[in-house]
Each structure stands twice: as C-alpha cells, then as structure tokens.
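Novice: make a model of this:
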Amino acid sequence: MLRRLFNNDRIIAIKLQAEPINILMIQVYVPTSEHEDDEVEELYGVIEEILDADRKGNKHHYNGELE
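Specialist: Predicted structure coming up:
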C-alpha cells in the first residue's frame, strides 16, 4: 500500500503500488433512500474530491452502481 487517502465511517480509499500502473481502490457504503438527500450528495462530493485528487493522467474503472 502506498498510502491511505481517505477514511471515515462510509468511505475508505487507498492507493496500491502495482505494475504497470498504481491502483486507487475506493470502498463506499452508500446511504439508503431513507437518508436525507444532502447526506447522499455530500458523500458523492467526497468521492469526486478523491477522484479529482488522483486524476493526474490516471485512468479510472468503476464497478458497482454510481447513479
């Protein structure tokens, strides 16, 4: 592991050293529809910040539902 980028009760993001490129792995526990929209929007904002910080020429692959 190169470094832990973010960690809270819903998101963990780590950067892994790999070949031929390093890997950014993000695990997210997304709030259900029972939660306030503001809470969900804030979560997606944090995910976007993590991805923006890592975008320096890197490619991203998404797995799961990101709607």
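
Novice: which residues belonging to stretch 53-66 are considered buried?
Specialist: Applying a neighbour-count criterion of 16 or more other Cβ atoms under 10 Å, one finds residue 54 buried in stretch 53-66. (Each C-beta comes from the backbone N, C-alpha and C, glycine too.)

Novice: phi and psi next, for the residue of the chain positioned farthest from its centre.
Specialist: Computed with Cα atoms, centre = their mean, the residue of the chain farthest from its C-alpha average is residue 34, at 21.8 Å. Note on residue 34: its backbone torsions stand at phi -70, psi -20 [degrees, to the nearest 10].

Novice: what pairs with the least confident helix or strand in the chain by mean pLDDT, parallel or antiparallel?
Specialist: Across the helices and strands of the chain, mean confidence by mean pLDDT, DSSP states H and E is lowest for strand 3-7: a mean of 71. Paired with strand 3-7 in the same sheet, following DSSP bridges, are strand 11-16 (antiparallel).

Novice: how far off centre is the helix or strand that the strand it pairs with is followed by?
Specialist: Going down the chain from strand 11-16, the next helix or strand is strand 23-28, by DSSP states H and E. Distance, stretch centre to chain centre, for strand 23-28: 5 Å (Cα atoms, centre = their mean, to the nearest Å).

Novice: avg pLDDT for the very next helix or strand once past strand 23-28?
Specialist: Once the chain leaves strand 23-28, the next helix or strand it forms, by DSSP H and E, is helix 37-54. Helix 37-54 shows a mean pLDDT of 86.

Novice: what residues are up against the residue lying closest to residue 11 once chain neighbours are set aside?
Specialist: Distances taken as Cβ to Cβ, 6 or more residues apart in numbering put residue 28 closest to residue 11, at 5.2 Å, once the chain neighbours are dropped. Each residue near residue 28 by Cβ atoms under 8 Å, 6 or more residues apart in numbering is listed here: 10, 11, 43, 47.
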